[in-house]
Every structure is written in C-alpha cells, then in structure tokens.
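Visitor: fold the following and give me the result.
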Amino acid sequence: MLKQMRSFTRSWVSYVLLFVLAALFVLFLGNGQSVLDTLQTQGARNVASGRGVTVTPQQLARELDLTIRSQRNQGQTITQAAAVEAGLHRQLLQGMLARKAMYAYADRIGVSASNLQVAERIRAIPAVLNPVTGAFDAESYQRFLGELGYSQPDFETDVRGDMTTEMLMQAMVAGARAPSSFGALVLSYEGETRVVSIAEAPASAVGQIPAPTAEQLQALYRESQEQLRLPEYRALTLVQARPQDFLSRVTIPEERLAQELDARREALTQPERRTYVRISAQSEAQANDAAARLARGEAPADIATALSVQTARGENQARNEVPDARVAEAVFAMQARSAPRVVRGELSPWVVIRVDAITAAIAPDLTEARAELREAIAMEEANALLNDAVAAFDDARGGGVALADAARQHGLTVVNIAATDAQGNDAAGAPVAALADHPELLEAAFQTAEGEASDFLPAGDADVVVAVDRVTASTVRPFESVRDQLAQVWVARERGRRMREMGERVVAAVEGGETFAAAARAQRFNVVVSSQPTDRRSAAQIPARGLPTQIFAASEGDVLSDLRADGGAVLVAVVERINRVNAAERPQEVEALRQRMQETVNESMTEAVQSQVVADARGRVNESLLNQLYPSGEQDAEAGQ
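Guide: A predicted model of the protein is given here:
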C-alpha cells in the first residue's frame with residue numbers, strides 16, 4: 001500500500017491534483033476565508049495579544065528558558081516538560097501580558113524613561129562592565145545579551161518598559177499610607193507570648209510491640225492496595241534515524257569542495273574589523289573638549305580622569321559587534337588615525353571616537369576552509385542518505401518486514417528497552433538512558449497501543465520511531481513479597497497509637513484536676529520545659545507536628561498532646577498563662593511596624609492598578625497556538641479520547 005501511495009505521489013496526476021488543491025487553498029484557505037481575510041489574522045502567530053500588547057512564541061520560549069535555567073542554578077532540577085505540565089509557561093505568559101500592558105498604558109499617557117536613564121540602568125549591570133576597569137564594555141554587553149537570548153533593541157525596550165512602570169507605580173502609590181492600626185495588629189500578633197510547660201515520653205515507654213497476626217497483616221495489605229501497586233511497564237523498540245550514522249558512507253571529491261567554496265564565498269568571507277578608542281561624555285561641550293585633547297595626543301585614560309568620564313577600547317570589532325549603532329556608523333566611516341569625531345550615542349549622550357587600526361575583510365581560502373566545507377557537505381550528503389534510508393525503511397515496513405529488521409537492513413539504529421514506566425524508569429527504578437531528556441518519546445510510548453508504532457518523532461539530533469512490543473499492566477505487589485514491609489508499618493502504627501493514648505491519659509488527668517507535673521510523672525513522662533514564656537517564633541522550634549499551632553490557638557489552661565515529628569516521642573504541653581501586648585504603651589514599635597506594613601499596602605495597590613490595566617488591555621491567550629507549542633500530557637489524553 002505504501003509503495004502504491006509513494007508511486008502515486010511521484011506521478012503527473014498527483015502534481016495536477018496538488019496544483020488544484022493549492023489554488024483552492026490560496027483562494028479560500030480551506031475554510032471559506034479569502035487571502036485578504038488572512039491579512040487580518042496576523043495575531044494568530046502570537047501566543048497572546050491585546051490592546052497595544054503582543055507576546056510572540058519566541059518571547060515566551062525565551063522567558064521559559066531563562067526561568068528554568070534560573071531554577072537549575074538554584075539547585076532545582078526541572079525539565080521543560082515538567083514545567084509545562086505544572087503550568088509554568090502559562091504563569092509566565094500572564095506575567096508577560098501584565099508587564100506589556102503596563103508598558104502600553106504608560107506609552108498612551110506619555111510616560112517614558114529617557115535614553116540616559118536606560119543607559120545608566122544598563123551600565124549598572126555588573127555583567128556588562130569590564131572586570132578590570134569597571135567601565136561599560138561593549139563586548140561584555142554583547143555576551144550578556146547572547147546568554148539571555150535577547151537582541152539589543154528587545155533588551156533595551158524591556159529595560160525602558162520596566163523603568164517606566166516603576167516610575168508610574170511610584171507616582172500612583174505615593175500618597176497611600178497604612179493606618180496605625182495595622183502596626184498595632186502586627187505588634188499584638190508578634191508580641192504575644194504564652195507560658196508553657198512541656199513533658200516528653202520516648203517511644204520505648206510503650207514497651208515492646210508484638211508482631212502482627214496474619215489477619216492483621218492481611219487487613220493492612222487490603223488497606224494499602226494503592227500504595228503497593230506496581231506501575232504499568234512497557235517493552236519498547238526505538239528506531240533512531242541520525243545523519244551522523246551515515247557520515248562514514250560519504251565521499252567528497254576535491255572539485256566538489258571548490259564548487260562549494262564558490263557557492264559559500266560571501267558567507268565565509270571574514271568581515272572588515274576596526275580597533276578604536278571611545279570616550280563617553282555627558283554634554284557636547286565636554287565631548288568637544290575630549291576630542292581636542294585626544295587630537296593633541298593625550299592618552300584616553302588621562303582624558304577620562306581629567307574630565308571624570310569613561311573610556312573604552314573596541315579591539316578588532318566587526319560592525320555588528322559595536323553595540324551602539326551610531327558609534328558603529330561613525331567608526332566604519334573613518335580612516336585609521338584620522339582626527340577624532342564627536343557623535344551622539346544611544347547608550348551615552350555623546351561619544352568621542354578615534355579609529356586606531358583597520359583590518360581588511362579576508363576572502364576565504366580553500367586550504368583553510370577545507371575542513372569546515374568538508375564537514376558541511378558531508379552532513380548534507382549524510383542527510384540525503386538518511387532520507388533515502390528512511391524512505392526504504394518505510395517501504396520495507398509496508399511490505400511486511402518487521403520493524404527492527406527493516407531498520408537494520410537500511411542502516412538505522414535499533415534500541416531495545418526491556419521495561420519502562422511512565423516516568424522513564426526501569427523495573428529496578430533506574431532511569432532508562434535512551435529516554436532521558438526525551439519526554440516526547442515517553443509520552444508517545446504510553447499513547448501507542450501494544451504491537452503498534454508511532455511515526456518518526458524529533459528527539460534531540462535524531463528522528464525516532466517508538467514501537468510498543470509488550471504492555472505489562474499495573475498490578476498490586478504479591479502479599480508474600482511485601483510481608484516484611486507490612487509488618488514494619490503495622491508495628492510503627494501500633495506504637496504511634498499507644499503513644500497517643502499515653503498523651504491522652506496525661507491530658508485527661510490534668511483536666512480532671514491533677515497538676516501537670518504529677519500527671520506527667522504518673523505516665524512516665526519527663527518535664528522538659530517548665531513554665532517558660534514562648535513567642536510564635538520560638539514555638540515553631542518545638543519538634544512536634546502540630547503542637548506549635550495548637551499552643552497559640554489554645555485558651556489559658558488547655559492541655560495539648562502530639563507526637564514528635566520523627567515519631568520517636570510523644571509530647572504534652574499545658575498553656576499556663578497568656579501574655580498579650582498593650583499596643584498603646586509602645587507607640588514607637590507600632591509606628592515601625594506600620595512602616596513595615598506600608599510595603600504590603602504599596603504592593604497591594606500596585607497589584608490592583610496592574611490588574612485594572614491588564615483588564616483594560618483585554619489580553620487574550622491564543623489557546624490553540626499555546627497548546628500546539630506546549631502540549632501537556634493531560635491535553636494529549638483528551639485528544640486521544
């Protein structure tokens with residue numbers, strides 16, 4: 001069947017049909033739209049848009065990549081697939097919509113940070129400074145932008161937008177003042193202390209726990225079915241189509257290298273480069289003074305010191321490596337050692353330039369470019385061989401040849417995976433190497449029926465077919481294999497129950513009229529804290545699961561019990577006295593706390609203003625494109641239903 005289809009697609013009839021279909025598609029776009037209509041659907045290429053707001057797929061991808069890199073730098077291992085599954089891309093998209101809505105609102109009302117302010121903010125970034133001189137360094141700036149994935153205009157637009165938003169919000173919340181009652185509430189909450197006594201009994205106080213009976217173990221086994229369930233496992237065969245596997249078959253004659261050099265001459269030509277001195281100035285007069293001094297032969301560093309300005313040297317830079325477009329234009333228009341020139345800059349108000357050296361453009365040489373050309377041609381030829389191999393592989397499968405045999409016959413790599421669960425771990429719990437960092441393959445494996453295979457899927461430097469050889473359904477571990485673990489769980493539970501009963505007996509005795517110390521001794525508890533004042537911060541250090549919260553929720557005289565967090569002891573506490581703060585007697589602390597609350601008030605007002613601006617922008621998410629770019633497992637499951 002595949003052979004017949006392939007033959008048909010190569011016939012003249014297919015070309016006629018394709019031409020007719022293409023014409024109809026151009027006219028109606030398959031859904032009744034005219035070409036003119038499509039000019040009004042440019043927003044479909046954006047993942048979100050609104051009034052003066054657009055977020056492109058590239059911008060969202062950059063934001064997601066930077067966020068994941070930041071989390072990894074902080075020690076949090078997270079893949080893009082996991083981030084998407086958790087909805088991180090949607091959170092970031094909403095944040096980008098909010099920021100861009102604020103930029104657009106500020107632009108509409110005529111508020112904007114100046115070029116000088118933007119330049120100063122950029123110069124304050126440590127990564128763009130020369131580590132020796134501490135001055136702005138163009139090369140460092142370009143490296144910084146490259147690491148972030150920003151173009152210079154995009155980055156400077158975002159910096160301007162953020163600065164403008166800061167200015168706007170500072171003006172909007174300048175008159176807001178948190179009331180003194182806020183400070184009083186915080187003081188009352190944080191200043192309250194409670195006098196408590198605490199007694200403790202170790203787990204050994206309940207004695208030896210007898211082994212559970214067979215009936216008790218069976219009951220626990222029935223109760224723990226879900227926790228004891230083994231996941232579904234799948235045995236897979238992966239067919240990898242990689243161009244590097246075909247490189248050894250490629251032979252490149254010398255004349256082909258020469259032809260390729262001619263075809264790529266323009267791209268391989270090294271551009272003209274220039275070495276120049278740059279002195280930044282704050283005014284035209286200062287720039288003219290610096291230019292005159294430079295023309296008289298004074299050293300740039302001495303001029304910078306005398307005028308309190310910055311100087312930098314561009315060493316053998318191509319035109320596109322000069323960060324300031326106006327400076328670049330001047331540098332590449334001047335002759336070497338000609339008179340210094342004063343120009344208006346973009347990152348600095350005024351710039352003095354002197355060109356010291358010019359390195360002419362260098363045309364490519366076959367001897368030097370041979371290795372690079374050979375590699376490029378070999379990869380092209382390998383890709384062509386790969387395409388032929390994939391076509392032959394498809395034909396062989398269509399003719400009834402087994403998948404693995406068809407792959408090996410035509411030079412494709414076959415990888416067998418004995419078992420993997422939905423998380424990519426084998427039966428021993430270790431990650432399966434062939435699936436690591438390729439969640440798309442794992443998703444395909446668990447969406448493909450037993451005995452079936454997926455289409456080729458992109459995965460790193462390969463295209464991969466995922467075939468499901470066998471499915472082992474999820475089962476509960478046999479009772480005999482988990483008997484020992486169940487016995488340990490039962491003993492731990494029984495010990496905990498007896499410990500809680502010990503604590504409850506102390507509570508009942510104190511509530512019945514006994515003193516705390518006497519009731520504790522009677523139940524073999526040791527008093528470890530006696531009538532000690534504690535605040536909320538100190539109470540949080542008590543090593544029990546819920547006791548700190550219970551203490552500050554209790555009334556005077558209440559007795560409380562809880563297990564230690566590690567289960568190694570039971571604790572009982574009594575609240576003997578509650579000491580509350582009189583805020584009227586401590587006005588200075590109330591004011592200090594009011595000022596602290598002022599930050600919260602400002603943040604709340606800022607959020608309210610931003611929410612209204614975002615609502616007015618009527619931002620809309622292109623759900624179809626977003627789901628296409630970032631499919632989740634849940635969406636894939638719904639699509640399969």
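
Visitor: in this protein, which residue is closest to the centre?
Guide: Most central residue of the chain, judged by C-alpha distance to the mean C-alpha position with Cα atoms, centre = their mean, is residue 68 at 2.2 Å.

Visitor: next, give phi and psi for that residue.
Guide: phi -70, psi -40 (degrees, to the nearest 10).

Visitor: contact partners for it?
Guide: Applying Cβ atoms under 8 Å, 6 or more residues apart in numbering, one finds that residue 68 lies in contact with 78-80, 83, 88. In this view, the C-beta of every residue, glycine as well, is placed from N, C-alpha and C.

Visitor: which pair of the residues you listed spans the longest distance?
Guide: 79 and 88 (11.0 Å; Cβ to Cβ).

Visitor: more crowded one of these two?
Guide: residue 88 (19 against 14; other Cβ atoms under 10 Å).

Visitor: surely the more buried one is in contact with residue 70?
Guide: No - taking contacts as Cβ atoms under 8 Å, residue 88 lies outside contact range of residue 70: 11.5 Å.

Visitor: residue most distant from the centroid, the chain?
Guide: Relative to the C-alpha centroid of the chain, counting by Cα atoms, centre = their mean, residue 513 is the outermost residue, at 59.0 Å.

Visitor: how about low-confidence regions in this structure?
Guide: Across the chain, residues meeting the criterion (pLDDT under 70) sit at 1-44, 173-176, 257-269, 363-370, 632-641.

Visitor: all helices for the stretch 101-250 of the chain, in order.
Guide: When secondary structure is read from DSSP state H, counting those that start in this stretch, the stretch 101-250 of the chain shows helices at 115-123, 138-148, 152-173, 180-191, 214-223.

Visitor: check the offset of the last one from the chain's centre.
Guide: It stands for helix 214-223. Using Cα atoms, centre = their mean, to the nearest Å, the mean C-alpha position of helix 214-223 is found 45 Å from that of the whole chain.

Visitor: show me what that helix is packed up against.
Guide: helix 479-511 (3 or more Cβ pairs under 8 Å, 6 or more residues apart in numbering; DSSP states H and E).

Visitor: after the helix it packs on comes which helix or strand?
Guide: Read in the C-terminal direction, the helix or strand following helix 479-511 is helix 516-522, with elements assigned using DSSP states H and E.

Visitor: which parts of that next one are buried?
Guide: The neighbour-count check on helix 516-522 (16 or more other Cβ atoms under 10 Å) flags 516, 519-520 as buried.

Visitor: same thing with stretch 575-587?
Guide: 575-576, 581, 583, 586.

Visitor: between the two ends of it, how far is it?
Guide: 29 Å (Cα to Cα, to the nearest Å).

Visitor: stretch 457-467: which residues count as buried?
Guide: Within stretch 457-467, the residues that qualify as buried are 457, 459, 462-467, counting by 16+ other Cβ under 10 Å.

Visitor: list the contacts of residue 600.
Guide: By Cβ under 8 Å, 6+ apart, residue 600 lies in contact with residue 178.

Visitor: that one is in what secondary structure piece?
Guide: Assigned by DSSP H and E, residue 600 falls in helix 587-617.

Visitor: give the buried residues for that helix.
Guide: Within helix 587-617, judged by 16+ other Cβ under 10 Å, the buried ones are 589-590, 593-594, 597-598, 601-602, 606, 609-610, 613-614, 617.

Visitor: and the following helix or strand past that helix, which strands flank it?
Guide: Helices and strands here follow DSSP H and E; after helix 587-617, the next one along the chain is strand 620-621. Strands flanking strand 620-621 in the sheet, each with its direction: strand 48-50 (antiparallel) (DSSP bridges).

Visitor: any idea how far the strand it pairs with is from the chain center?
Guide: In terms of Cα atoms, centre = their mean, the gap separating the centre of strand 48-50 from the centre of its chain is 22 Å.

Visitor: quick one: contacts of it?
Guide: The set of residues external to strand 48-50 that reach it, using Cβ under 8 Å, 6+ apart, is 43, 54-55, 93, 96-97, 101, 617-622, 626.

Visitor: what about 7 Å?
Guide: 43, 55, 93, 97, 101, 617-622 (Cβ atoms under 7 Å, 6 or more residues apart in numbering).

Visitor: do the same with stretch 135-150
Guide: Taking Cβ under 7 Å, 6+ apart as the criterion, the residues outside stretch 135-150 that touch it are 62, 65-66, 123, 127-130, 152, 155, 310, 312, 314, 321-323.

Visitor: from those, which two are the most distant?
Guide: Using Cβ to Cβ, the two most remote members of the contacts of stretch 135-150 are 65 and 310, lying 32.6 Å apart.

Visitor: ok, these two, which is more surrounded?
Guide: Between residue 65 and residue 310, counted using other Cβ under 10 Å, residue 310 has the larger neighbour count: 17 against 14.

Visitor: the more buried one contacts residue 304, doesn't it?
Guide: Yes - in terms of Cβ atoms under 7 Å, residue 310 counts as a neighbour of residue 304; the distance is 6.1 Å.

Visitor: for residue 134, see how far away residue 628 is.
Guide: Remark: distance between residue 628 and residue 134 (Cβ to Cβ, to the nearest Å) = 47 Å.

Visitor: and residue 357, what are its bridge partners?
Guide: residue 275.

Visitor: identify the residues contacting it.
Guide: Shown here is residue 357, whose contacts under the criterion Cβ under 7 Å, 6+ apart are 274-275, 336.

Visitor: restricted to buried residues, select those residues in PyMOL.
Guide: Taking 16+ other Cβ under 10 Å as the burial criterion, the selection of buried members of the contacts of residue 357 in PyMOL is written as:
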select buried, resi 274+275
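
Visitor: list just the nearest of the contacts of residue 357 to residue 115.
Guide: For these, the minimum distance to residue 115 (Cβ to Cβ) is 24.7 Å, reached by residue 274.

Visitor: for that closest one, give me its contacts.
Guide: For residue 274, the set of contacting residues under the criterion of Cβ under 7 Å, 6+ apart consists of 317, 331-332, 355, 357-358.

Visitor: out of the residues you listed, which are buried?
Guide: Using 16+ other Cβ under 10 Å, the buried members of the contacts of residue 274 are 317, 331-332, 355, 358.

Visitor: residue 524: which of the residues you listed is nearest?
Guide: Taking Cβ to Cβ as the measure, residue 317 is the one of these closest to residue 524, at 80.9 Å.

Visitor: can you tell me what sits against the strand or helix carrying the closest one?
Guide: Remark: residue 317 resides in strand 311-318, with elements defined by DSSP H and E. Here strand 311-318 makes contact (Cβ under 7 Å, 6+ apart) with 135-138, 271, 273-279, 300-301, 303-304, 322, 359.

Visitor: partner residues bridging residue 280?
Guide: Taking DSSP bridges, one finds residue 351 as the beta-bridge partners of residue 280.

Visitor: list the contacts of it.
Guide: Neighbour list for residue 280: 309-310, 348, 351 [criterion: Cβ under 7 Å, 6+ apart].
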